[in-house]
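Trainee: Would you be able to build a 3D model of this:
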Amino acid sequence: MAKKPTQNDDNSTKIKIQEMIFTASTPYAEGHSLTALEAKALNQTRCENLRNNFAKTVKTAKEAGDLTVEQMQDLQAQFSAYDQAYTFAERKAASAVDPVEKETWKLASKAVMAALRKKGYDPKTVEESKLESMIAGLIAKDSRFEEEARRRIESDANVAGNALDELLADAA
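Mentor: Residues are numbered from 1 along each chain as shown. All right, here's what the predicted structure looks like:
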């Protein structure tokens, strides 16, 4: 994953290109007057973000079947509201994820998906925030997911350690 460029005090940023570090100027600051081309580039980026962020909503609606005129108007209204509320946001820095937490989430996620299917729901049609809420709730309610995740991580580490010991012994 690419690292977020770091802003320096001298209106420059260090960026990595093909594992090499370069200094790039960062001439734009709050209050900067934009040229027509700069405004066009920002508007294009904004539209791309709107499209990318709203695509799942449209895909879910289309998967439910042919859209009626009313449904299309409703989608347009939802998009318009999203468009009006949208602002550029700073990217979240990638943070290290605890392997046990990651495995716990994976196990609980599989359980939620299976439960939804068993009850006749297609998990793809459930809003992502609702799915995340269900998964988090299941993890909070049932400690067995974390216990199983911890067991799996420890088992994997033991297997890898044993294999490494064997490889090192063979190499000696």
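Trainee: Please report phi then psi for K119.
Mentor: phi -90, psi 0 (degrees, to the nearest 10).
Trainee: mind listing the helices for the chain?
Mentor: For the chain, the helices defined by DSSP state H cover 36-63, 69-85, 99-118, 128-141, 144-171.
Trainee: which residues touch the residue nearest to R152 when sequence neighbours are not counted?
Mentor: Spatial nearest neighbour of R152, chain neighbours left out: E103 (5.8 Å); criterion: CB to CB, 6 or more residues apart in numbering. The C-beta positions use only the backbone N, C-alpha and C, and glycine is treated the same way. E103 is in contact with 149, 152-153, counting by CB atoms under 8 Å, 6 or more residues apart in numbering.
Trainee: got it, and A29?
Mentor: For A29, the contact set (CB under 8 Å, 6+ apart) comprises N11.
Trainee: ok, now R150?
Mentor: V100.
Trainee: my guess is V126 meets A115, correct?
Mentor: No: the criterion here is CB atoms under 8 Å, and V126 misses it with A115 at 11.2 Å.
Trainee: give me the low-pLDDT residue ranges for the chain?
Mentor: Residues of the chain that meet the criterion pLDDT under 70 lie in 1-10, 91-96.
Trainee: how close does K124 sit to C47?
Mentor: Noted for K124: a distance of 26 Å to C47, by CB to CB, to the nearest Å.
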